[in-house]
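**Student:** sharing a sequence plus its predicted fold:
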Amino acid sequence: MKRTVIVSDLQIPFHDRVATKNLVSFIAKWKPDEVVTIGDEIDFNTISKWSEGTPEAYEQTLGDDRDEAVQVLYDLQVGHCIRSNHTDRLYTQIMRKIPSFLSLPELRFEKFMKFDELGITFHRTPYAIAPNWVAVHGDHTPIKSIGGQSALEAARRMGKNVISGHTHRAGQASFSEAVGGRLGRVLTGVEVGNLMDFKKASYTKGTANWQQAFAIMYQKGNKVSTSIIPIEKDGTFIVEGKVYGRSR
């Protein structure tokens, strides 16, 4: 049986270091077949449009943030990454201000993040993560207030089951088609939560409908099952009946 760990929205350097360290230890012990991050691995806050005209835009932290993100991806043993709105910021800002720099290979996101050295495959389009399942970041469909509903909306548009991030919410939702008493297609959307340190997300002003979590996908042949793993406030979590991690 193939086991895949799926992580979203670390947004380094604003990640929860305790929860992330616990997840690193879990992966080392549990030894999944694959680890996938589905976007916003790094925040790129200093080149965000929201930082323009503020002191944040002049902070010389981008190199350190990149190096920390590379180390975290290495520690998590990530094999696949998917494009996202935060990681698009590098291309967007170069395109807006110095488009000639787009010809520099070292400024391509995957090169900048050293994916070749890490052995990470970067997906600019939806990743076929399992039979009839695709992994996407989730920023191209409307955001719903209930976890799982945004991913389900994407699933209904794409005609495949979807696992996604972006909303920072954790949840699963399904939609079934039936006629004449016969069950037809069943579509499922899964949102895997986030690994941000909520206290560092100053733009929320202390209020947000977010849940820390990650997901595990089990696949045997064409059969696929997903589990959302909530992360407790102390940074620990339970997988298959066993508690993992050290409390804060």
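**Tutor:** Structure received.
**Student:** give me the contact list for the lowest-mean-pLDDT helix or strand in the chain.
**Tutor:** Scoring the helices and strands of the chain by mean pLDDT, DSSP states H and E places helix 89-97 at the bottom, with a mean of 86. Contacts to helix 89-97, defined as CB atoms under 8 Å, 6 or more residues apart in numbering, come from residues 44, 47-48, 101-102, 107, 109, 112. No exception for glycine: its C-beta is placed from N, CA and C like everyone else's.
**Student:** stretch 69-80 too?
**Tutor:** 7, 10, 12, 15, 20, 23-24, 27-28, 34-37, 41-42, 81, 113-114, 118-123, 127, 129, 135.
**Student:** got the contact list for the residue lying farthest from the centre of the chain?
**Tutor:** Centroid-distance maximum for the chain: residue 180 at 39.5 Å, with CA atoms, centre = their mean. Applying CB under 8 Å, 6+ apart to residue 180 gives no contacts.
**Student:** which residues in this structure form strands?
**Tutor:** 2-7, 34-37, 80-82, 121-123, 127-130, 133-135, 161-164, 170-179, 182-192, 213-220, 223-230, 237-239, 242-244 (DSSP state E).
**Student:** tell me the most buried of these?
**Tutor:** Mean neighbour count (mean count of other CB atoms under 10 Å) peaks for strand 161-164 among the strands of the chain, with a mean of 28.
**Student:** partner strands of that one and their direction?
**Tutor:** strand 133-135 (parallel), strand 182-192 (parallel) (DSSP bridges).
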